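> Got a predicted model here, sequence first, then my questions.
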Amino acid sequence: MSEGKSARVLVVTSGKGGVGKTTSTAAIGAALAHLGEKVVVIDFDVGLRNLDLVLGAERRVVFDLINVINGVAKLPQALIKDKRLENLFLLPASQTRDKDALTEDGVAKVIAELRTKFDWIVCDSPAGIERGATLAMRHADAAIIVTNPEVSSVRDSDRIIGLLDSKTEKAERGECVDKHLLITRYHPWRAARGEMLSIDDVLEILSIPLIGIIPESEEVLRASNVGSPVTLNAPLSGPARAYFDATKRLKGEQIPMQIPSESRGLFNKLFGRKAA
Amino acid sequence: MSSLICQRQSLTFRARSYMAFVFTPQPPIADWLADLDATLERSKGFFAGHPVALDLSAAGLTPPEIGELTTNLAERGIRVLGIEGIEPHHVTPALPPLLRGGRGAQEIEIPEPAASTPEAAATPEPARAPQKQEPASLLIDSPVRSGQSVVYIEGDVTVLGSVGSGAEIIAGGSIHIYGTLRGLAMAGASGNSRARIFCHRFEGELLAIGPHYKTADEIEASLRRGPAQAWLDGNTLKITAMN
């Protein structure tokens, strides 16, 4: 069973819902796989699973994380191999159960087994700070905190960072989870007009290193709707390039940070200003 | 295993600390007792029912003299809980036990006769900085995140980072924040009305000293985003910029 690997466990978390955790998990998971890493993405949103849809694997789900935890299925039976990337796998959540079905021991066993087989284990955390979210971060070596540049998202992220520093296995051992801030749904023209928190404001409040800024884009929505991570569906689009850069930074590469700027035509720019 | 043994729980002992008045008699003892009598005359019953410890490090008394002193105090309605500042072999079974490891607290001001109500005696006002106090302070060198609560009733809290929106710092003494205060700060939580709150940049949600508080709405907008301090002026919480 062992292939001599020792995976890095990455949790994608935020506290607040709707900020782009699942989209980011899919995009970064696919980008890692595209860069040659062997990756499994795990959906911890038991009862409200979405990662299968975003990855376009929803019609191939037989067993899920809860089945593995309960011993109904073996781990290899529940892993779904991506159709586009042969080293990307999905461990889906159960849609018929709730977060109480996640047990601490069960999750620990699953993570321990996956660690021997993969390079990266990417855990897609549910929103909130309850069982699903705390178990998703429990074994993390690194965390991506997904934040939108607005006050409620930033405060929730602050809360989640506090939990990463206290409730994870690493924190309990006196070590520190590597924390990376990913700012998503960034509107260049809104930022220019001061309608959103600036990148500097967000960084000042959260005081953790920035790993990427993903511009708001229709490409993200389009990719989700066709069941493909944006990094595969439109690899040259602004958000995909930002996700690739973030992924390379996650792997330790030094890539200069680009703040997305207005790239639409003059007509759109004028129209956008008028409409808002 | 017999059920008797199963049911027996092992004894547990817990340590607990209490506040006591400390008397430090100075020789000559007769004069010191006369001073004490004068004080008692002004505030009858101030020490009645309160534990009192004797610090005899400056008195230089022999065991019989110590016994005589405790008797003299008992005649004044003062019961001695323990003695510190003497050699262990000087403590005879007749004397109160030897105390060690006492920690200084604030000096107690004896209230004037008009103010000597039971309430005033129960919550003495701090007079001035204690002379030999171990510094009671808590230093936090990381940001305090939203949802985290730091409670330190023993003394001052210093935060080197920021205090996030939805985080709270509760201190018995003063609060010093070298980052931005975006959450809640409550100083003087144990009744110390001289406690203050200082922050390098104020964007907080609520400031309180003792029972007096102000929400962000009640705080002048011009104070926001700048260095500020809060203190109690009588029963009014005052907040000013520090520039």
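Good, I have the coordinates.
> element containing A:Glu204?
helix A:199-206 (DSSP states H and E).
> Quick check: pLDDT value at the closest residue to chain B within the stretch 1-150 of chain A.
Per CB to the nearest CB, A:Ile129 is where the stretch 1-150 of chain A lies closest to chain B, at 7.7 Å. All C-beta spots, glycine's among them, are computed from the backbone N, C-alpha and C. Per-residue pLDDT puts A:Ile129 at 94.
> do you know how far it is from B:Gly147?
8 Å (CB to CB, to the nearest Å).
> quick revisit: which residues belonging to the helix holding A:Glu204 are considered buried?
By 16 or more other CB atoms under 10 Å in any protein chain shown, the buried positions in helix A:199-206 come out as A:199, A:202, A:205-206.
> Turn these into CSV, columns for pLDDT.
CSV is the format used below for these (pLDDT from 0 to 100):
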residue, pLDDT
A:Ile199, 93
A:Val202, 95
A:Ile205, 95
A:Leu206, 96
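> Report the entries of those residues that also contact chain B.
A:Ile205 (CB under 8 Å from any CB of the partner chain).
> Which of the buried residues of helix A:199-206 sits closest to chain B?
A:Ile205 (7.1 Å).
> how about that closest one, what does it touch?
A:154, A:158, B:162, B:164-165, B:180, B:182 (CB atoms under 8 Å, 6 or more residues apart in numbering or on different chains).
> thinking again about what came up before, give me the distance from the helix holding A:Glu204 to the chain's centre.
How far helix A:199-206 lies from its chain's middle: 20 Å, per CA atoms, centre = their mean, to the nearest Å.
> the helices in the chain, which residues?
Chain wasn't specified; assuming chain A. A:21-34, A:51-54, A:65-70, A:75-78, A:104-115, A:131-137, A:151-164, A:169-172, A:188-192, A:199-206, A:218-225, A:230-233, A:238-250, A:266-275 (DSSP state H).
> Switch to chain B, please.
Taking DSSP H to define them, one finds helices in chain B at B:3-7, B:29-42, B:63-75, B:118-122.
> just those helices: most buried one?
helix B:63-75 (a mean of 15; mean count of other CB atoms under 10 Å in any protein chain shown).
> For burial, what's the neighbour tally of A:Ser166?
11 (other CB atoms under 10 Å in any protein chain shown).
> My read is that A:Gly17 contacts A:Ala127, right?
Yes. Taking contacts as CB atoms under 8 Å, A:Gly17 lies within contact range of A:Ala127: 3.4 Å.
> Settle it for me: which of these two has more neighbours?
Counted by other CB under 10 Å, A:Gly17 and A:Ala127 do not tie: A:Ala127 has more neighbours, with 18 against 13.
> For the more buried one, list the residues it contacts.
A:14-18, A:21, A:133.
> Which among the residues you listed count as buried?
Judged by 16+ other CB under 10 Å, buried ones among the contacts of A:Ala127: A:14-16, A:21, A:133.
> can you redo those as a markdown table with distance to chain B and pLDDT?
Below are the buried ones among the contacts of A:Ala127 laid out as a markdown table (distance: CB to the nearest CB, whole Å; pLDDT from 0 to 100):
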| residue | distance to chain B | pLDDT |
| --- | --- | --- |
| A:Ser14 | 13 | 97 |
| A:Gly15 | 9 | 92 |
| A:Lys16 | 11 | 95 |
| A:Lys21 | 18 | 97 |
| A:Ala133 | 13 | 97 |
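> B:Ser43: which of those is nearest?
A:Gly15 (56.1 Å; CB to CB).
> of all the buried ones among the contacts of A:Ala127, which two lie farthest apart?
A:Lys16 and A:Ala133 (10.9 Å).
> Next one: the residue of the stretch 1-150 of chain A closest to chain B relative to B:Leu237, how far apart?
32 Å.
> Same check on A:Gly15?
Where B:Leu237 is concerned, A:Gly15 sits at a distance of 32 Å (CB to CB).
> contacting residues around whichever residue of chain B sits closest to chain A?
Going by CB to the nearest CB, chain A is nearest to B:Arg145 of chain B, at 3.1 Å. Applying CB under 8 Å, 6+ apart, we find B:Arg145 in contact with A:158-159, A:161-162, A:165, B:164, B:167.
> Tell me the confidence at the nearest residue to A:Leu90 once chain neighbours are set aside?
With CB to CB, 6 or more residues apart in numbering or on different chains as the criterion, A:Leu90 has its nearest non-adjacent residue at 4.5 Å, and that residue is A:Ile80. In this model, A:Ile80 is scored at 97, pLDDT.
> Of the contacts of B:Arg145, select the buried ones using a ChimeraX command.
Buried residues within these, by 16+ other CB under 10 Å, are selected in ChimeraX with:
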select /A:158,159,161,162,165 /B:164,167
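> between the contacts of B:Arg145, which is closest to A:His187?
A:Asp158 (21.8 Å).
> Check the contact between that closest one and B:Gly166; I expect there is one.
Yes. The criterion here is CB under 8 Å, and A:Asp158 meets it with B:Gly166 at 7.4 Å.
> Quickly list what's touching both of the two.
Jointly contacting A:Asp158 and B:Gly166 under the rule CB under 8 Å, 6+ apart are B:146-147.
> Nearest spatial neighbour of A:Val41, chain-adjacent residues omitted?
A:Gly29 (4.1 Å).
> for that neighbour, what are its contacts?
Neighbour list for A:Gly29: A:39, A:41, A:88, A:120, A:122, A:229 [criterion: CB under 8 Å, 6+ apart].
> run the last query once more with 7 Å
A:39, A:41, A:88, A:122 (CB atoms under 7 Å, 6 or more residues apart in numbering or on different chains).
> do you know how far B:Glu218 is from B:Ile209?
14 Å.
> what's the burial count for the closest residue to A:Val230 other than its chain neighbours?
Nearest non-adjacent residue to A:Val230, counting by CB to CB, 6+ apart: A:Ala223, 3.9 Å away. Applying other CB under 10 Å, we find 26 residues neighbouring A:Ala223.
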